[in-house]
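In: mind folding the following:
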Amino acid sequence: MPHLISFEGIECCGKGTQIKLLMEVLKNQCIKAIVEREPGGTEYGEAIRAMLKHPQLALPAIREITRNHGDAAQAMTDVKPDYSRTPECELFLFLASRAEFTEKVIKPALRNGYHVIADRLYDSTRAYQGGGRFYNAATERDLINRCNLAAMRGYRPTKTIFLDISVETMHFRLAKENADKIAVFEEEDRAFFERVRDVYYDISREEDRIVVIDGERSIEEVFKDVIGCLRPILGISEIGPPMPWLR
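Out: This is a model prediction of the structure:
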């Protein structure tokens, strides 16, 4: 039986590395699986991802492409761009991408016998938008939960791996990757990501599908826990040492 598996956590928690290692194992053992990121995975999803992550690049490109189109907003051509967005706008962009992702990635893959490994899914919206943007307010939390149900059309992960790291570790890793990107640890950033992390913990206490794994440890140690959790679900055979791709 094919399963939907999601990986979650704050920035630099190691999701990408662990998913890459997992897919290598699945490939070596001829287990059918695909991996996709969310938001993304579809034409609309990738376009929305670009707008969310790189609005200074995506929005001017869209404006330029449509400049001479009959449907172009001529009144906007001379207006100074404003790339800020409301929390509500951000929330519904994520949900729009998720609806496409569910219909065009999750549904057909599972139907064709493939496991789906998702780099983020709806728990990210509950944590980042619900916790980070809306301070985990009850009204917005309930709205997000209802909208997630609608976007997912009843699909739910069999298991969700929450790779937990501290906010301090996140900033250390970010600075190590790009020293110019993180020059100062702003208290506002700290508070935002602490709220996100707290909501991930809230979700893990509410739902048995979520497994909290300490992401502060070495890649090898974390991966052993990931495999141990997913082995019975995905039908993974025992992996004995050595594992050369971990070196």
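In: what is the three-state secondary structure of residue 117?
Out: strand (DSSP: H, G, I helix; E, B strand; the rest coil).
In: an error on my part: the question was meant for residue 203.
Out: The three-state label given to residue 203 by three-state DSSP is helix.
In: how near is it to residue 145?
Out: 10 Å (C-beta to C-beta, to the nearest Å). Glycine gets a C-beta too; all of them are placed from N, C-alpha and C.
In: more crowded one of the two?
Out: Legend: neighbour count by other C-beta atoms under 10 Å for residue 203 and residue 145, higher for residue 203 (19 against 13).
In: what strand or helix carries the residue nearest to the more buried one when sequence neighbours are not counted?
Out: The shortest distance from residue 203 to any non-neighbouring residue, by C-beta to C-beta, 6 or more residues apart in numbering, is to residue 123 (5.6 Å). Taking DSSP states H and E as the definition, residue 123 sits inside helix 122-124.
In: so what sits against both of residue 203 and residue 145?
Out: residue 126 (C-beta atoms under 8 Å, 6 or more residues apart in numbering).
In: ok so, going back, and for the residue nearest to residue 203, the neighbour number?
Out: 24.
In: isn't it up against residue 156?
Out: No - with contacts counted by C-beta atoms under 8 Å, residue 123 stays clear of residue 156, the gap being 10.5 Å.
In: how near is residue 59 to residue 52?
Out: 11 Å.
In: mean confidence score for the helix or strand where residue 21 lies?
Out: Element membership for residue 21, per DSSP H and E: helix 15-28. Across helix 15-28, pLDDT averages out at 97.
In: go through that helix and flag the buried ones.
Out: Buried residues in helix 15-28, defined by neighbour count with 16 or more other C-beta atoms under 10 Å: 15, 18-19, 21-23, 25-26.
In: show me the strands in this protein, by range?
Out: For the chain, the strands defined by DSSP state E cover 4-8, 33-37, 115-119, 159-164, 210-214.
In: not counting its own residues, what contacts the third one?
Out: Yep, that's strand 115-119 we're talking about. Taking C-beta under 8 Å, 6+ apart as the rule, strand 115-119 contacts 2-7, 15-16, 19, 22-23, 26, 31-38, 105-106, 109-110, 157, 234.
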